[in-house]
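# structure, please.
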Amino acid sequence: MERTRTLLCLITMLLIAAADSTEDTVMRLQMSHRDTLFPTSFHRIENIISEDQKRHSLISHKRKAKAGGAKLALRSGSDYGAAQYFADVRVGTPAKRFRVVVDTGSELTWVNCRFRGKGQGKVEKRRVFRAEESSSFRQVGCLTQTCKVDLMNLFSLSSCPTPSTPCSYDYRYADGSAAQGVFAKEKFTVGLTNGRVARLHGLLIGCSSSFNGDSFQGADGVLGLALSDYSFTSKATNVFGGKFSYCLVDHRSHKNVSSYLIFGSTTKTTSTRTTPLDLNLIPPFYAVNIIGISLGDDMLDIPTQVWDTTSGGGTILDSGTSLTFLAEAAYKPVVSGLERYLVGMKRVKLEGVPIEYCFDVTSGFNESKLPQLMFHFKGGARFEPHRRSYVIDAADGVRCLGFVSAGTPATNVVGNIMQQNYFWEFDIVASTLSFAPSTCL
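Residues are numbered from 1 along each chain as shown. Predicted coordinates:
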């Protein structure tokens, strides 16, 4: 685990000043989901799938290019009209609140920002971070080693007309979205499970003067949880014990329903299962060793190359992708196997929606008759998603199999709908992933 050791050595810059000791506490953020699959028209799910496909394409491209604690509220974003989860963070001095997309596939944390006259002073339904009004804002210079070398993987730009020019970036996301701005170091104020607050100093942040893409609908920025030297994860886990966890509420939930993103140890239940988490297979993503998929008692016939990273396969968990992407050789057995249990349901085609298997269920639908889908991990752990997580509501009276073919070869992606109503703990130090069914409340 040389990468992990290097990571833990590089994050000594992070200091914490708290109103009380942070021992035996964890950081906690509330989370919310951004979208619902109950649209009044089909265009919303069409947009979601389009974003997912673009994201998967860039995940594949990025892969080829590289060979006590705190608690944040986590909510479903169904009231904001897009397909991800939100948390509120407080940035700067004095601390200002921002609603950010929680993204395990992103390395950069950034907020909508105005600095040196760049950036919008006012944006409808979005907060603006005015960098020059924060006494803790420290720009990263364009001539620094940090800019010229360390931040190259975060799309830092080479432009440096004067020594006082800040290090700028043009950050590209897996779904085709983008954000432009300058790098800085800032202070985050986070809530602790003991009811107090902690201040995390010197976190790398993007001051984004412009951004575009459907991914940011309803959001003021992004909380980067991918594993890299400068992500929020690397800083927070160094302070709060090398672990973070979340539980995603149902994607259809109202914004008043929330769960938590937690940095630090949590209490496991007797139903918790653990599998290796390989942090070096497909960096900066969280790769898991799936070895097979079953439906009911039947193990599906899927070639082992689908799960083999050396053959272009492998699997990641991603909170920023909604549906689950499977390589063609896994996709076909899964959807054809499920289709056999939907005999009698009229198959329909949703205009503009590239999901192959959708069914009219207005005459009645009993999901309990569906077989249990199960992902089998190396080491014996098994993940049994809820049936509503793989036969999803796409429109009134229409259900679809929540899978998309990723082609061949391809990185398999377990999306956030498949993960919902499960507790997930990522142990960076031990390189393990633990999970268990949960109401997330």
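# output the lowest mean pLDDT helix or strand found in this structure.
strand 15-18 (a mean of 32; mean pLDDT, DSSP states H and E).
# any idea which helix or strand comes after that strand?
Counting by DSSP states H and E, the next helix or strand C-terminal to strand 15-18 is strand 26-33.
# mind listing the strands for the stretch 1-150 of the chain?
With DSSP state E, counting those that start in this stretch, the ranges of strands along the stretch 1-150 of the chain come out as 15-18, 26-33, 69-76, 85-91, 96-103, 110-114, 129-130, 138-139.
# can I get the ones you listed in JSON lines including mean neighbour count and distance to Thr162?
(C-beta placed from N, C-alpha, C; glycine too.) Below are those laid out as JSON lines (neighbours: other CB atoms under 10 Å; distance: least, CB to CB, whole Å):
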{"stretch": "strand 15-18", "mean neighbour count": "15", "distance to Thr162": "30"}
{"stretch": "strand 26-33", "mean neighbour count": "27", "distance to Thr162": "38"}
{"stretch": "strand 69-76", "mean neighbour count": "26", "distance to Thr162": "38"}
{"stretch": "strand 85-91", "mean neighbour count": "24", "distance to Thr162": "27"}
{"stretch": "strand 96-103", "mean neighbour count": "23", "distance to Thr162": "29"}
{"stretch": "strand 110-114", "mean neighbour count": "26", "distance to Thr162": "21"}
{"stretch": "strand 129-130", "mean neighbour count": "20", "distance to Thr162": "23"}
{"stretch": "strand 138-139", "mean neighbour count": "17", "distance to Thr162": "13"}
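# next, format those as TSV and append distance to Met299.
Shown next, in TSV, are these (distance: least, CB to CB, whole Å):
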stretch	distance to Met299
strand 15-18	48
strand 26-33	32
strand 69-76	33
strand 85-91	32
strand 96-103	33
strand 110-114	43
strand 129-130	51
strand 138-139	55
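# Leu323: which of those strands is closest?
Checking the strands of the stretch 1-150 of the chain against Leu323 by CB to CB gives strand 26-33 as the closest, at 13.9 Å.
# tell me what angle the closest one forms with strand 69-76.
Angle, strand 26-33 to strand 69-76, by axes from the mean of the first three to the mean of the last three CA atoms, to 10 degrees: 10 degrees.
# averaged pLDDT, strand 26-33. What do you get?
Averaged over strand 26-33, pLDDT sits at 79.
# got the CA coordinates for it in CSV?
Extracted in CSV, the C-alpha atoms of strand 26-33 (Å, rounded to 0.1, in the frame of the first residue of the first chain):
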residue,chain,number,x,y,z
VAL,A,26,-16.3,11.9,14.3
MET,A,27,-17.1,14.5,11.7
ARG,A,28,-20.6,14.3,10.3
LEU,A,29,-22.3,15.9,7.3
GLN,A,30,-25.9,15.6,6.3
MET,A,31,-26.4,14.4,2.7
SER,A,32,-29.4,14.8,0.3
HIS,A,33,-30.1,13.4,-3.1
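# from now on call the first residue 5
Sure thing, new numbering starts at 5, so read that last one as strand 30-37.
# who does it pair up with?
strand 73-80 (parallel), strand 89-95 (antiparallel), strand 262-267 (antiparallel) (DSSP bridges).
# between the second one and strand 100-107, how many degrees?
Yep, that's strand 89-95 we're talking about. Going by the same axes, to 10 degrees, strand 89-95 makes 140 degrees with strand 100-107.
# re earlier: worst mean pLDDT among the strands of the stretch 5-154 of the chain?
Of all the strands of the stretch 5-154 of the chain, strand 19-22 has the smallest average pLDDT, which comes to a mean of 32.
# in the stretch 255-404 of the chain, which spans are helices?
332-343 (DSSP state H, counting those that start in this stretch).
# Glu137 is nearest to which of the strands paired with strand 30-37?
Across those, closest to Glu137 is strand 89-95 (CB to CB), at 11.5 Å.
# centre of the chain to the closest one, how far?
Taking CA atoms, centre = their mean, to the nearest Å, one finds strand 89-95 lying 13 Å from the centre of the chain it belongs to.
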